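> kindly generate the corresponding structure for this input.
(one chain, ligands or ions: 1)
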Amino acid sequence: MNSYQKEQSDALYMVRRCLATISSTERQKLESDVAGYLSFRKEIGSFLSTHFSGVCTQKCYNSRLSACCSREGIITFFADVVINALISQDREIDLLLSVLKKPNNGFKCIYLGEKGCLWRLKPIVCEMFLCDPAKKKVFIENPLARDKWDELNKRKKMFTWPDRPVLFDVLEKYFMDAGYSSSLMYMHNSPGLLRVKRRVLSCATSCKGGD
Ligand code: SF4
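Have a look, this model is predicted:
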């Protein structure tokens, strides 16, 4: 197991352990916290299947190219792991853990199975990735789809961009408060994202000072 697989595996075990120990009320609270995000993901899924499934299936999936799913090419947020675990069956998490134990000697993502991604809800970075040739093909023919895609990208930030209280940050904090720590907690350890938070904080402080 290389370091990428280990950090993924550690995060998965951590999330599973925590979810197994919290009360059903706590779990329901988490489920209700992520409900809005899941509706958003449903909307993206339906957009992609309407506009892109033909292009992607033909170009990438049938040819088994799966060019977007390259080896260790994705950023997985800790919140991706939490949300996926909340909606997955135990056996689905077992499967992820078992593939992470095997060496990955290929060029593809370790989570890419025979029938596609093994995550029930793939990480947001994967979901929002469209390659340039696919975008070009679809958006030139349908500019309204481009507008919708831009709008979805903006809305994604309401969950993932910490210039305000966002779900991805809140979920990390929940686990940190419970005593867990993971290198995938980018909202709390990525210099870039920490800079975003600091900027917002200093702006809020100076605005207050100017009142
Ligand atoms: S996690 Fe899933 S969608 Fe993302 S790169 Fe891996 S196989 Fe592809």
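
> contacts, neighbours, all on C-alpha from now
Noted.

> and the helix or strand hosting Gln8, how far out from the chain's middle?
Element membership of Gln8, judged by DSSP states H and E, is helix 3-21. Here the centre of helix 3-21 is set off from its chain's centre by 15 Å, with CA atoms, centre = their mean, to the nearest Å.

> and the next helix or strand past it?
helix 24-51.

> show me what counts as buried in the helix or strand following that next one.
Using DSSP H and E, the next helix or strand after helix 24-51 towards the C-terminus is helix 53-56. Using 16 or more other CA atoms under 10 Å as the burial criterion, the residues of helix 53-56 that qualify are 55-56.

> how far does helix 53-56 sit from the chain's center?
Using CA atoms, centre = their mean, the distance from the centre of helix 53-56 to the centre of the chain it belongs to is 21 Å.

> and for it, what are the contacting residues?
Taking CA atoms under 8 Å, 6 or more residues apart in numbering as the criterion, the residues outside helix 53-56 that touch it are Ala134.

> could we number from 634 for the rest of this?
Fine by me, first position is 634 from now on; the one you just mentioned is helix 686-689.

> what is the end-to-end distance of stretch 742-761?
Chord length of stretch 742-761, first to last residue, is 16 Å (CA to CA, to the nearest Å).

> buried ones in that stretch, by neighbour count?
In stretch 742-761, counting by 16+ other CA under 10 Å, buried: 742-745, 750-752, 754-757, 759, 761.

> is any residue of that stretch near the ligand?
Yes - interface with the ligand: stretch 742-761 contributes 742, 744-745, 750, 755, 759 (CA under 6 Å from any ligand atom).

> whichever strand or helix holds Leu777 - contacts with which helices or strands?
With the criterion set as DSSP H and E, the secondary-structure element containing Leu777 is helix 776-793. Under the contact definition 3 or more CA pairs under 8 Å, 6 or more residues apart in numbering; DSSP states H and E, helix 776-793 sits against helix 657-684, helix 765-774, helix 800-810.

> enumerate the residues of the chain near the ligand.
Among all residues of the chain, those adjacent to the ligand (criterion: CA under 6 Å from any ligand atom) are 702-703, 707, 742, 744-745, 750, 755, 759.
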